Structures are given as C-alpha cells and as structure tokens.
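quick one, fold the following:
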Amino acid sequence: MIKNICVFGSYVTLKHDLIDIVQIGETLAVNGYTIISGGFGGSMEQVSKGAKQGGGKTIGVTYYEFPDLIYHKANEFVDEEIITNSIFERIEKMMDLADAFLVFPGGTGTLFELASVIESVNKGLIEIKPIICFKNYWKLISESLKAIKITNKEFINRNGTKSVNELIYFVQSINELLKFLQNYK
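Residues are numbered from 1 along each chain as shown. Okay, here's the model as predicted:
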C-alpha cells in the first residue's frame, strides 16, 4: 500500500499555469499520504506547504554541500529533516523512504532523481515502486527510453513490461493521480 510519496521537482518556483503543486500537496495530505522531498524551495516547498495545509506530515531529505548553495536550512513546512552527506546518499534515502515517486517539471537535478529511480527499479536495486510524472513535461524523456529493455525480471513477470519507458506513468490531474495511487497494486 502506498503511504509515502517522494516528490521531485525544481528547486526554484516555476510558473506553471497547469500545475498547482500546493493544491496537490494538500490533496495528498488530506488523503493520508506523507510527503517526502528534498526539503528546500521551489516545488519541494510548494508541495510541503500544501501538505501542511492539509494536516499531513512532511519529510525533507537535505544535502548542504552544493557548490552554489542557496539554501541554508530546510523550508519552514518540513516536519522532519534528514540531513545527508552527499547527493547520492540523499537520493538513496529518498528512494528507501518512498512507496511511490511523483515527478514535477524541473531541471537537471530533477532529471538526475528521475533517472536514478528508473535505473534502480530497472536493475532491481530497489523494490518495484510506481514512478508518476504529473502532466507531460518528461514525456520526451520517457519516449527516448522505448528502445531500452527492462532487466528487472520481477517487473517483467509482474506487469508484462518489456521496455524501460513503461516504468513511468503519466497523470494529467489531481483526481487521476489519486485514482492511480488508490488502485496501484
């Protein structure tokens, strides 16, 4: 059962007309989900703010050694901060804590997180967990993975999945996201 959702997205606030990340965080919290994020600003702060508005719990997995560090503490909406020693430890901790991954638009950091999760599921390094992209920002990345075959035999046997792009699910609305989370097996 999905309880903990790790959210990946931009560290700066993006002006996305189609995505209200605060509302998504609130809706997830109202429905009993704990939010895990990188703990800083942008999408991470927006989803955490929404989760707190919805009465939910938030976990920020932080790392403070970025070369051009702009954040010196977790955002104010983080209930529990887990400080890591490297970017790799950070993503590994988020993967360990999460039951599912929700990916918003972002830059190379978000791409790194998405790619790390895809690779870890594909190679069987972590248990099978859903990777959900909100809207179609990452659709071209997903399409480029069609030619790459799945190596995780458990995933192939369980879902009949054959190519890596099938590890990624796309939802277009909050209602579609909730339905997916509630029905995922």
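
can you pull the contacts of the spatially closest residue to residue 84 that is not a sequence neighbour?
Spatial nearest neighbour of residue 84, chain neighbours left out: residue 90 (4.3 Å); criterion: C-beta to C-beta, 6 or more residues apart in numbering. Where C-beta positions appear, they are placed from N, C-alpha and C, glycine not excepted. Contacts here follow C-beta atoms under 8 Å, 6 or more residues apart in numbering; on that basis residue 90 touches 38, 61, 62, 63, 84.

for the chain, give me the ranges with low pLDDT.
Within the chain, the ranges that satisfy pLDDT under 70 run 14-18, 67-69, 155-157, 159.

next secondary structure element downstream of the longest helix anywhere in the chain?
Determined from DSSP state H, the single longest helix within the chain is helix 108-122. Note on helix 108-122: by DSSP states H and E, the next helix or strand toward the C-terminus is strand 131-134.

chain center to that following strand, what's the gap?
7 Å (C-alpha atoms, centre = their mean, to the nearest Å).

for that strand, output the C-alpha coordinates as PDB.
Output in PDB follows, covering the C-alpha atoms of strand 131-134 (Å, rounded to 0.1, in the frame of the first residue of the first chain):
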ATOM      1  CA  ILE A 131       7.100   6.500 -10.900                       C
ATOM      2  CA  ILE A 132       4.400   9.000 -11.800                       C
ATOM      3  CA  CYS A 133       5.000  12.200 -13.800                       C
ATOM      4  CA  PHE A 134       2.500  14.900 -13.400                       C
END
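
quick one: strands adjacent to that strand?
strand 100-103 (parallel), strand 168-171 (parallel) (DSSP bridges).
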